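Q: This is a predicted model, with the sequence first.
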Amino acid sequence: MADTYDFGLVGLGVMGRNFILNVADNGFTAFGNDLDEEKVNALIDEGGDTSKVNANVDAATFVAALSTPRKIMLLVPAGKVVDIVIESLLPHLDEGDIIIDGGNSFFTDTDRREAYLKEKGINFFGAGVSGGAKGARKGPSIMPGGSREAYQYVKPIFEAVSAKYKGEPCVTYLGPKSAGNYVKMVHNGIEYGLMQLTSEIYDLLKKAGDLSNGELHKTFGTWNEGRLQSFLVEITSKIFAQDDELGDGQLVDKILDKAKQKGTGKWTSQNAMDLGIPVPTIDIAVSMREISALKDERIKADELYDRPTPETVVKDSLVQKAEAALYFAFIITYAQGMHQLADASKEYGYELELGEIAKIWRAGCIIRAALLADITEAFKADSELPNLLLSPSFVSKVKETVDAARELVAYGATNGIPLPGLSNALTYFDAYTSGRLPLNLIQAQRDFFGSHTYERLDKEGIFHTEWE
Ligand code: 6PG
């Protein structure tokens with residue numbers, strides 16, 4: 001058994017088990033490891049032939065079973081567990097071995113681990129894996145960052161197991177250090193934005209157009225055949241068709257309206273603030289999960305304040321405008337995320353190629369969408385593009401859809417339907433595309449009360465005025 005298995009994986013939860021079976025399906029031999037004997041046995045049972053898929057609970061024999069340089073992926077919860085697993089493996093590893101953290105680790109943790117392991121001659125990769133349990137089994141999008149030289153050993157396996165977009169693997173080497181985890185973090189920030197926007201459009205269609213779940217199912221289904229084609233729109237359509245097994249009607253109506261979060265969206269926003277890059281549609285998506293958690297307060301406040309009864313609008317025209325507005329806001333959300341990646345790349349020395357990132361997001365991951373093919377093309381045409389809104393190919397897409405967003409935001413405001421993501425996307429667009437903003441007044445105020453100085457439009461230099 002010694003030295004024979006191509007790939008090792010620690011953490012045989014659903015993701016780990018599915019990933020390892022995917023590796024085996026693609027002709028590689030794989031060995032799993034978990035402290036939980038039940039999970040180990042479950043994998044052995046499912047794997048069938050132990051010369052192809054095997055597993056155990058002991059770190060030493062697990063490591064010894066792998067061919068060198070060893071390629072060991074961790075699919076364990078982000079945080080302390082990653083450090084504990086690394087420590088348990090370390091005494092058994094040899095120089096040149098490779099550890100890949102496939103979880104949603106915070107990128108600075110990855111930098112710390114990479115530096116620590118480098119001293120010991122071990123290569124460390126932070127590799128975001130997107131696509132949920134099904135993706136892990138059938139082909140996820142994988143976002144690896146770490147040593148470029150060591151990537152050659154991982155590449156054949158990752159390319160084989162990843163999702164394919166028109167035959168192209170949805171994985172590529174992204175950059176050094178924590179580049180992979182950073183890109184996955186922003187992926188999740190975008191995911192938060194798209195999910196928030198989808199939920200707002202659902203609310204609008206229901207309250208303003210009185211669409212039933214059946215109609216919502218059809219509407220999102222039709223949208224998924226057009227320019228909005230995406231995993232999230234597809235599953236949204238399916239959600240409206242799911243009957244409630246425990247009662248009447250559809251399940252969606254019985255689900256508590258409090259959205260949880262594991263933190264990756266919040267990290268995206270926090271880091272964007274640190275970088276000074278505006279990602280307000282992602283920020284508001286995080287805030288909305290926080291507002292949703294205040295259910296008891298919301299119920300009390302609901303009783304205190306009147307809200308207009310939404311004026312019913314013609315279904316067909318509402319559906320048409322909602323489709324355009326959602327498309328517009330999806331573009332804005334991707335634009336913000338890509339903008340953050342461009343800046344982070346400079347700040348952290350990742351040397352990211354945005355076109356390559358859009359490319360590996362075209363299939364397998366949660367934010368996969370037809371739009372990503374267009375985003376890939378936009379960055380192929382101009383790899384230095386600072387913002388998608390500046391891409392000639394996106395100008396027409398935005399021009400065609402922005403008016404629908406304006407109309408619906410105005411409708412939402414007048415009729416008391418909260419559309420924070422959509423209005424935010426629109427405001428971001430209006431601000432980003434304004435050659436002149438009123439922030440000259442802020443500079444005047446700062447100089448007025450704090451002598452913070454200002455610059456002028458018509459003269460070079462730094463000025464201060466003794467304001468009256
Ligand atoms: C993916 C997802 C995944 C994430 C979930 C839940 O790409 O497969 O992003 O990594 O864990 O989306 O995230 P929240 O619990 O924060 O919503």
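A: Cool, got the structure.
Q: residues in contact with whichever residue of the stretch 51-200 of the chain sits closest to the ligand?
A: Nearest residue of the stretch 51-200 of the chain to the ligand: S130, at 3.0 Å (CB to the nearest ligand atom). Placement of C-beta: from N, CA and C, glycine included. Under the criterion of CB atoms under 8 Å, 6 or more residues apart in numbering, the contact list for S130 reads P140, S141, I142, M143, K184, H187, G364, C365, I366, I367.
Q: Pull the most distant pair out of those residues.
A: Largest separation among the contacts of S130 by CB to CB: I142 and I367, giving 14.2 Å.
Q: More neighbours: which of the two?
A: Higher neighbour count among I142 and I367: I142, with 32 against 27, using other CB atoms under 10 Å.
Q: that older thread, spatially nearest residue to the residue of the stretch 51-200 of the chain closest to the ligand, not counting backbone neighbours?
A: Nearest residue to S130 in three dimensions, chain neighbours excluded: C365, at 3.6 Å (CB to CB, 6 or more residues apart in numbering).
Q: does G32 belong to a helix or a strand, and which?
A: Using DSSP states H and E, G32 maps to strand 30-33.
Q: By neighbour count, which of the contacts of S130 wins?
A: Highest neighbour count within those: I142, with 32 neighbours (other CB under 10 Å).
Q: In a strand, that one, correct?
A: Yes - assigned with DSSP: H, G, I helix; E, B strand; the rest coil, I142 falls within a strand.
Q: which residues touch it?
A: Counting by CB under 8 Å, 6+ apart, I142 makes contact with A127, G128, V129, S130, F158, V161, S162, C170, V171, I360, G364.
Q: Verify the contact between the residue nearest to S130 and P140 for me.
A: Yes - if you go by CB atoms under 8 Å, C365 and P140 touch, sitting 7.0 Å apart.
Q: what do these two both touch?
A: Counting by CB under 8 Å, 6+ apart, the common neighbours of C365 and P140 are S130, G131, A163, C170.
Q: Count the neighbours of the third one for me.
A: Read it as A163. Neighbours of A163 (other CB under 10 Å): 23.
Q: which ones are touching it?
A: G131, G135, K138, G139, P140, S141, P169, C170, A363, G364, C365, R368.
Q: Among the residues you listed, which one sits closest to A413?
A: Distances from A413 to the contacts of A163, taken as CB to CB, are shortest for R368 (32.3 Å).
Q: Please report the distance of the closest one from the ligand.
A: Between R368 and the ligand the distance is 10 Å, computed by CB to the nearest ligand atom, to the nearest Å.
Q: Which strand in the chain has the most residues?
A: Using DSSP state E, we find that the single longest strand of the chain is strand 123-130.
Q: can you list the residues of the stretch 51-200 of the chain near the ligand?
A: Neighbours of the ligand within the stretch 51-200 of the chain, by CB under 6 Å from any ligand atom: N104, S130, G131, G132, N188, E191.
Q: please redo it, this time with the cut-off set to 8 Å
A: 104, 128-132, 135, 140-141, 184, 187-188, 191-192, 195 (CB under 8 Å from any ligand atom).
Q: mind listing what the residue in the stretch 301-450 of the chain positioned nearest to the ligand touches?
A: Nearest to the ligand in the stretch 301-450 of the chain, going by CB to the nearest ligand atom, is I366, at a distance of 4.3 Å. I366 sits next to S130, G131, G132, H187, E191, F231, L232 when contact means CB under 8 Å, 6+ apart.
Q: most neighbours, which of those?
A: S130 (26 neighbours).
Q: which residues does that residue bridge with?
A: Beta-bridge pairing of S130 under DSSP bridges involves S141.
Q: hmm, the strand or helix carrying A24 in reach of the ligand?
A: Assigned by DSSP H and E, A24 belongs to helix 14-25. No - figure legend: helix 14-25 not in contact with the ligand (CB under 8 Å from any ligand atom); closest approach 8.8 Å.
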